[in-house]
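Asker: just coords:
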């Protein structure tokens, strides 16, 4: 197991370094960052001053290494707009997004895993068709539109749920559904495919032949093996959801990282944008690393092969 | 080619593979529905200048917010079957012209990402070893960066226009092409016909282009439909957030965004472009799923 862990860890570190380089160079996409900061009316002397204050006059490699050195210690500099340390603002907002992502994942898994299992038990039955329809429709629905429609019906017409804000748990219901339903098709398809494969194996036949109760066979023998790829998919999708929460948080005015990202983009707050992209990417890298470890632990074939 | 000359209707003859394929295609409900809807939308986009009843950008302020024809209202009129928006622009014409933007972005971004992803995937799958390691690294790096966030950030810095959106999306969403092409190529490269081409002394480029690619084409087409739908949804989301296609262009995502403030009073303003978006993406997905079923009948999963 150890060589596998070390190898995956080394790759994760390399990916993180590459991502940090890409994220850092992002600020040069708009040309001269000092020019962008100074605004239209700035004089040549102002721009020169900004360049010196923010260190844009140094060689780019030095700038990158300096940024990385500070970033590793959790210092992402000052927000240009809020005039507060970037990391402070991010840590304020991160828990909200995590909570939203977690609720969305729970919603997605409680919907998709049972549906996937049921669809696999009776392939081509009514329930399989319903599950397939949900998957096909879910994949085609633009999440921001779905969010607006829910807002309209659940929030305005029927007045069941609050429309915006983060005051209570009820505020998280619609955003979680809007964010979570998007990953249900993938999880459901994978659960169904995994269950179909496992259910046709010899050891399931043996277990049935021994006269074990169908439920025991299904959950203790089959699902345990079919769920392995779903675990890593769920981890990957959780990472995607944190990135995708920018749309949902903006719609529901949820004060999380996604909303912060959108605000920062509007304000051209470069250090904040860099930090958010980097934090979310690192989070994704950590998640996939953990998922790989969990998979290797659950399935010995992975760590040996 | 005498074999192909057998007429399909000849009695007690085995149907040709082509006839079998045709039968499978027409008996697949999802494929037929998806293809029909998609063809309709494509025709709508191509013929936009001829079939759109009004100029999609023409603002007339004394005909603002006319409801669609199915509303029981004095203002509803067949002159504007889907009504008008808050600037008095004809909604149907905007919808028809909007199909152009969605399709253009979907197809272009899919082509760009297809070229990048297929190159990476096929090279990784064919050569294996170090090449595969590097390719895997590139794919993992790309996957770890959140698409919507990076796209928004880049578009905001470079400046948003149709071309920028196409390139940003194309450069971002090639990962699935690479992953699928890599594993498909790995399966094909060990087959006998590849070995015999190698034994004949064919160049690598020739083997990849004329032996490998045609045999992974069915996977390629399926991924292409998925990514086209993906690009269309992403463009809509970017435009919705105000960083995609810019006003007054009639992008469907932008139409929803512009109507957002009015949706509590006139819900049809977001329902119409949203439904159009949903139908377009649904039809592409149905087509892709159908093609996968038809080209690999036992591969529904």
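Answerer: Thanks, I have the structure now. The structure displayed is predicted, hence computed values, not measured ones.

Asker: stretch A:249-263 and chain B, any residue contact?
Answerer: Yes: residues of stretch A:249-263 contacting chain B under Cβ under 8 Å from any Cβ of the partner chain: A:250, A:258, A:261-262. C-betas here are computed from N, CA, C, even on glycine.

Asker: and that stretch, end to end?
Answerer: Stretch A:249-263 has its terminal residues 11 Å apart, counting by Cα to Cα, to the nearest Å.

Asker: if we can go back for a sec, spatially, which two of the residues of stretch A:249-263 next to chain B are the most separated?
Answerer: A:250 and A:261 (8.9 Å; Cβ to Cβ).

Asker: distance check, the residue nearest to the spatial centre of chain B against residue B:170.
Answerer: Nearest to the geometric centre of chain B sits residue B:228, at 2.3 Å (Cα atoms, centre = their mean). Residue B:228 is 11 Å from residue B:170, where distance means Cβ to Cβ, to the nearest Å.

Asker: then residue B:127?
Answerer: For residue B:127, the distance to residue B:170 - Cβ to Cβ - is 25 Å.

Asker: neighbour count winner among those two?
Answerer: Neighbours per residue, other Cβ atoms under 10 Å in any protein chain shown: of residue B:127 and residue B:170, the larger number sits with residue B:170, 22 against 16.

Asker: and the nearest residue to the more buried one once chain neighbours are set aside, what pLDDT?
Answerer: Ranked by Cβ to Cβ, 6 or more residues apart in numbering or on different chains and with sequence neighbours excluded, the top spatial neighbour of residue B:170 is residue B:112, at 2.7 Å. What the model reports for residue B:112 is a pLDDT of 97.

Asker: likewise for residue A:49?
Answerer: 82.

Asker: report how many residues lie close to it.
Answerer: 14.

Asker: how far away is the residue of chain A found nearest chain B from residue A:35?
Answerer: In chain A, the residue that lies nearest chain B is residue A:243 (2.5 Å; Cβ to the nearest Cβ). Distance, residue A:243 to residue A:35, by Cβ to Cβ: 29 Å.

Asker: and what of residue A:241?
Answerer: Distance from residue A:241 to residue A:35, by Cβ to Cβ: 36 Å.

Asker: again with residue B:107
Answerer: Distance from residue B:107 to residue A:35, by Cβ to Cβ: 36 Å.

Asker: so how far is the helix or strand in which residue A:231 is found off the chain centroid?
Answerer: Taking DSSP states H and E as the criterion, residue A:231 maps to helix A:224-252. On the basis of Cα atoms, centre = their mean, to the nearest Å, helix A:224-252 is displaced by 5 Å from the centre of the chain it belongs to.

Asker: after that helix, next one along is what?
Answerer: Per DSSP H and E, the helix or strand that comes after helix A:224-252 is helix A:257-266.

Asker: following that next one, which helix or strand comes up?
Answerer: helix A:270-298.

Asker: count of neighbours near the closest residue to chain A within chain B?
Answerer: At 2.5 Å from chain A, residue B:146 is the closest residue in chain B, using Cβ to the nearest Cβ. By other Cβ under 10 Å, 27 other residues sit near residue B:146.

Asker: for chain B, which segments count as helices?
Answerer: Using DSSP state H, the helices of chain B run over B:17-27, B:29-46, B:48-51, B:91-127, B:129-144, B:147-158, B:162-172, B:175-189, B:192-199, B:204-206, B:213-240, B:252-259, B:268-295.

Asker: next, the buried residues of the helix holding residue A:231.
Answerer: A:225-230, A:232-252 (16 or more other Cβ atoms under 10 Å in any protein chain shown).

Asker: and stretch A:173-191, anywhere near chain B?
Answerer: Yes: interface with chain B: stretch A:173-191 contributes residue A:189 (Cβ under 8 Å from any Cβ).

Asker: distance between that stretch and the chain's centre?
Answerer: 12 Å.

Asker: quick check: mean pLDDT across it?
Answerer: 90.

Asker: and that stretch, how far apart are its ends?
Answerer: First residue to last in stretch A:173-191 (Cα to Cα) measures 25 Å.

Asker: can you give me the neighbour number for residue 158?
Answerer: Here I'm looking at chain A. Neighbours of residue A:158 (other Cβ under 10 Å): 9.

Asker: meant chain B actually
Answerer: Using other Cβ under 10 Å as the criterion, the residues surrounding residue B:158 number 16.
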